[in-house]
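1. coords below, sequence missing:
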DNA sequence: GTGCCGATGTAG
DNA sequence: TACATCGGCACG
């Protein structure tokens, strides 16, 4: 189980170490294959750069806390706080609770279930109430075995595009976009 | 495969 | 007004 100590480290380290770990969201989820890292300081693409409410949240909440918000008015995105950054979960290889996730997504294809942050939120039935919950209560299991991690530019942003802070399992067929 | 576009809520 | 998106459609 990933503890608060795991998340209370430099955010780029936490982000890469999350690849290959398991996410268990009430019996649904699987293997984390893609994340993005956002820096609380000096990252113009991070919410904290332009949103006072976000700065207040990261200032008052401990590492390992869920940071959940509504994107484009229709998709809840799952993030977790690290010591000095926010990690966005972008893709998971479905392993558990598959039939329920298929039902929530209205799709059968495993490759289409959680291959994007919006899809993942839908598959997990993520909602506003999850913002601020403690994610160090068994939702994450440590990586077993090795993984080849690739880094690349973050997806869908218009600022700080030069930062290669998207991390993914190079060999996974369950990514939102090939790296 | 590529590209366009509408749906949809809200912080600032 | 700008989004840390997605699915459906047209086109080739």
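-> Happy to help now that I have it. Just so you know, these numbers come straight off a predicted model, no measurement behind them. Numbering: from 1, shown residues only, chains lettered A, B, ... in the order given.

2. what's the pLDDT at residue A:132?
-> Residue A:132 is assigned 98 on the pLDDT scale.

3. element containing it?
-> Remark: residue A:132 resides in no helix or strand, with elements defined by DSSP states H and E.

4. what is the burial count for it?
-> By the measure other Cβ atoms under 10 Å, the count of residues near residue A:132 is 14. All C-beta spots, glycine's among them, are computed from the backbone N, C-alpha and C.

5. could I get the phi/psi values of it?
-> When read as degrees, to the nearest 10, the backbone of residue A:132 gives phi 90, psi 0.

6. which ones are touching it?
-> A:57, A:61, A:65, A:66, A:68 (Cβ atoms under 8 Å, 6 or more residues apart in numbering).

7. before we move on, what about residue A:149?
-> Counting by Cβ under 8 Å, 6+ apart, residue A:149 makes contact with A:16, A:19, A:167, A:168, A:169, A:170.

8. could these be laid out in CSV, adding neighbour count, distance to residue A:5 and pLDDT?
-> Formatted as CSV, the contacts of residue A:149 follow (neighbours: other Cβ atoms under 10 Å; distance: Cβ to Cβ, whole Å; pLDDT from 0 to 100):
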residue, neighbour count, distance to residue A:5, pLDDT
A:16, 17, 16, 98
A:19, 21, 18, 98
A:167, 26, 20, 98
A:168, 26, 25, 97
A:169, 21, 24, 97
A:170, 15, 27, 94
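
9. in helices, which of those fall?
-> Among the contacts of residue A:149, the members falling in helices (DSSP state H) are residue A:16.

10. out of the contacts of residue A:149, which is nearest to residue A:178?
-> Nearest to residue A:178 among the contacts of residue A:149: residue A:168, at 8.7 Å, using Cβ to Cβ.

11. ok, which stretches of chain A are strands?
-> Applying DSSP state E to chain A gives strands spanning A:22-25, A:28-39, A:66-71, A:75-81, A:85-96, A:140-141, A:149-152, A:166-169.

12. measure the most centrally placed residue in chain A to residue A:115 for me?
-> By Cα atoms, centre = their mean, the mean C-alpha position of chain A lies nearest to residue A:89, the distance being 1.5 Å. According to Cβ to Cβ, to the nearest Å, residue A:89 stands 12 Å off from residue A:115.

13. just give the number of residues close to residue A:53.
-> There are 9 residues near residue A:53, going by other Cβ under 10 Å.

14. and residue A:27, what does it touch?
-> A:96, A:97, A:100.

15. which pLDDT does the model give it?
-> pLDDT, residue A:27: 98.

16. gap between it and residue A:102?
-> 14 Å.

17. likewise for residue A:64?
-> Distance, residue A:64 to residue A:102, by Cβ to Cβ: 29 Å.

18. which of those two has more neighbours?
-> residue A:64 (24 against 17).

19. how about the residues of chain A near DNA strand C?
-> With Cβ under 7 Å from any atom of the strand as the criterion, chain A comes near DNA strand C at residues A:36, A:38, A:45-47, A:67, A:71-75, A:77, A:79, A:86, A:88, A:105, A:107, A:112, A:115-120, A:154-159, A:176.
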